[in-house]
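Colleague: What follows is a predicted protein model with its sequence.
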Amino acid sequence: KAKSTVGIPPGSIGLPFVGETLEFIAAINSSKGVYEFVRTRSLRYGKCFKTKLFGETHVFISGREPAKAILNNEGGRFSKKYMKSIAELVGRDSLLCAATQHHKLIRATLLPLFSTHSLSSFVQLFDALVLEATATWTCGSLLIIQDESLKLACKAMCKMLISVESGSELVTMQNEVTRLSEAMLALPLRLPWTRFYKGLQARKRIMDILEKDIGERRSGIASQRVDFLQQILDNKVNEDGFPRLTDREIKDNILTMIFAGQDTIANAMTWMIKYVDENPQVFNTLLKEQLQIEKNVTRNSNLTLEALNEMSYASKVVKEALRMASVVQWLPRVALEDCVIEGFKIKKGWNVNIDARSIHHDPTVHNDPTVFNPSRFPAESKAYSFLAFGMGGRACLGKNMAEAMMLVFLHRLVTNYKWKSIDSDSSIQKWAVFTKLKSGYPIRLISKRGVKNKTV
Ligand code: HEM
């Protein structure tokens, strides 16, 4: 079946109708994770291959040059496109899915929310949440890093976006977003027992919560809030007082931001702690830097953005963890016209996925790519060699926020506790859209650091 026609990327389009969808699903459902589907094919066909998934042609492409051409959208030849299931779950007006002009409008409205000023308050908010959580940790207790960081990320996102920080509303949000994430890679079948259907139901419940909230704010029932939703609602364009975005756009994008900032962060934090634990030299250098920061800044006060800016080694640890883990494995686009990329013909309408993981693990781009070595930066910061947050006009809006959360979590964990890992299994969680460690990385807290004979 594997034929290679000159000009067209090599690869197999599999069986009639289903293409290679079954192989793709088999990878999603295995402990190696969905990327195994891509990895095995790039080994067989090289840096660019094509396949057929869910009835559509997909091309996967690696390399810094094509990444640059596609992500810069040279000549306006590409737009963003997710698989049908993902697009339906986040909504057609989501920033993640919106096409070129529509995307520009929404991004321009949301961008001011991610200012340095807002990042600065967010750092303090997140630090307070981490301290509140760690205050409940006791000596000898078992912590699942994935669960702890997911709870923290959910709280932080819900508080920042819609002022929900506790109670049943927060639990509902967390549960519904989990269901939504689990449905992202599912077959788009609307039958009540399917994963996809459950995801759609979760989406509907989140949309209902947001609709009720927006209604109460408009009618004045809700008390005045200082959050992203309020800022979007207050953003008027004309005297009639209509918000710049439609209600559907507002709801889809609040949902998008809650979703985009949860599993991604939690998974990244989990991999980061695992890598740090597995590399004692890195841990020691990190600890030294962080204890110094603690001495200068955090002994009696909250972490600030300025303090995070002092964490030069920790920032490299965060970046290296993101490179190694490649939580978002490829960046999905669609060709708007026939074109040639890397010597291969790409036809209009084909999905073109930039394989970020393979660029992160390419030995010609990063020396010894399997080694966790934060000191490789900044020397190895070649253009388009680090795509954890994408690049260009569709790059992650929450990048600075995500890095800040990882730094705060790292700082508080490293300076306050000693722990030991109790499961080194590296299996990948099935059905996870973002690379997730199956074990969730359980650790046992041993004692509080720096306080003689004092246990947690
Ligand atoms: C470690 C955590 C995170 C990672 C690895 C990550 C990664 C990414 C990636 C790879 C993209 C898509 C780039 C593309 O297709 O070209 C993206 C888009 C996006 N991310 Fe993140 N993200 C993270 C956290 C967050 C957070 C905390 C938020 C905050 C709300 C956020 C909001 C968004 C939004 C709104 C987009 C769509 C941007 C657009 O299309 O204009 N992300 N992210």
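Modeller: In hand now; what should we look at?
Colleague: so the residue in the stretch 101-250 of the chain that the ligand sits nearest to, which of the three states?
Modeller: Closest approach between the stretch 101-250 of the chain and the ligand, counting by C-beta to the nearest ligand atom: Arg107, at 4.8 Å. The C-beta positions use only the backbone N, C-alpha and C, and glycine is treated the same way. Assigned with DSSP: H, G, I helix; E, B strand; the rest coil, Arg107 falls in the helix class.
Colleague: again with the one 5 residues further on
Modeller: Judged by three-state DSSP, the three-state class of Pro112 is helix.
Colleague: Apart from its neighbours in sequence, what residue is nearest it?
Modeller: Leaving aside its sequence neighbours, Pro112 sits nearest to Gln231 (C-beta to C-beta, 6 or more residues apart in numbering; 7.7 Å).
Colleague: Am I right that that neighbour is in contact with Phe114?
Modeller: No - Gln231 lies out of contact with Phe114 (C-beta atoms under 8 Å); the separation is 11.0 Å.
Colleague: What count of nearby residues applies to the residue nearest to Pro112?
Modeller: Using other C-beta atoms under 10 Å, Gln231 has 16 neighbouring residues.
Colleague: so which strand or helix has it?
Modeller: Assigned by DSSP states H and E, Gln231 belongs to helix 228-234.
Colleague: Quick one: list the elements packing against that helix.
Modeller: Judged by 3 or more C-beta pairs under 8 Å, 6 or more residues apart in numbering; DSSP states H and E, the packing partners of helix 228-234 are helix 145-162, helix 195-219, helix 247-260.
Colleague: for the record, mean pLDDT for the shortest one?
Modeller: Going back to what we said before, that points to helix 247-260. The pLDDT scores in helix 247-260 average 94.
Colleague: hang on, the earlier thing: please produce CSV containing the helices and strands packed on helix 228-234, extended by distance to the ligand and mean neighbour count.
Modeller: Converted to CSV, the helices and strands packed on helix 228-234 look like this (distance: least, C-beta to the nearest ligand atom, whole Å; neighbours: other C-beta atoms under 10 Å):
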stretch, distance to the ligand, mean neighbour count
helix 145-162, 7, 23
helix 195-219, 15, 17
helix 247-260, 4, 23
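Colleague: Need the ones you listed in JSON lines (columns: distance to Thr270).
Modeller: Output for those, formatted as JSON lines (distance: least, C-beta to C-beta, whole Å):
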{"stretch": "helix 145-162", "distance to Thr270": "5"}
{"stretch": "helix 195-219", "distance to Thr270": "22"}
{"stretch": "helix 247-260", "distance to Thr270": "17"}
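Colleague: Around the ligand, which positions in this protein sit nearby?
Modeller: Applying C-beta under 6 Å from any ligand atom, one finds that the chain approaches the ligand through 95-96, 107, 256-257, 260-261, 264-265, 268, 327-328, 331, 388-390, 394-398, 401-402.
Colleague: re earlier: can you get me a residue count around the residue nearest to the residue of the stretch 101-250 of the chain closest to the ligand when sequence neighbours are not counted?
Modeller: Closest residue to Arg107 in three dimensions, ignoring its sequence neighbours and counting by C-beta to C-beta, 6+ apart: Leu95, at 6.1 Å. Counted with other C-beta under 10 Å, the neighbours of Leu95 add up to 23.
Colleague: repeat for the one 3 residues further on
Modeller: The local packing of Ala98 (other C-beta under 10 Å) involves 23 other residues.
Colleague: Tell me if I'm right that it and Ala108 touch.
Modeller: No - using C-beta under 8 Å, Ala98 makes no contact with Ala108, being 11.7 Å away.
Colleague: care to break this structure down by domain?
Modeller: Listed domain ranges for the chain are 1-91+327-360, 92-326+361-448 (source: automatic domain parsing).
Colleague: still on that earlier bit, wait, isn't the residue nearest to Arg107 in contact with Asn253?
Modeller: Yes - contact criterion C-beta under 8 Å: Leu95 and Asn253 qualify, at 5.6 Å.
Colleague: before we move on, back to that, filter the residues of the chain next to the ligand down to the buried ones, PyMOL style.
Modeller: With 16 or more other C-beta atoms under 10 Å as the criterion, this PyMOL line picks the buried residues out of those:
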select buried, resi 95+96+256+257+260+261+264+265+268+327+328+331+388+389+390+394+396+397+398+401+402
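Colleague: in the stretch 151-300 of the chain, what residue is nearest the ligand?
Modeller: Of all residues in the stretch 151-300 of the chain, Gly261 sits closest to the ligand, at 3.0 Å by C-beta to the nearest ligand atom.
Colleague: Same question for the stretch 301-450 of the chain.
Modeller: Gly398 (2.1 Å).
Colleague: Who are the contact partners of that residue?
Modeller: For Gly398, the contacting residues are Phe114, Met257, Ala260, Gly261, by C-beta atoms under 8 Å, 6 or more residues apart in numbering.
Colleague: Identify the residues contacting the second one.
Modeller: Think Met257. Met257 makes contact with Leu110, Met157, Leu161, Phe228, Leu397, Gly398, according to C-beta under 8 Å, 6+ apart.
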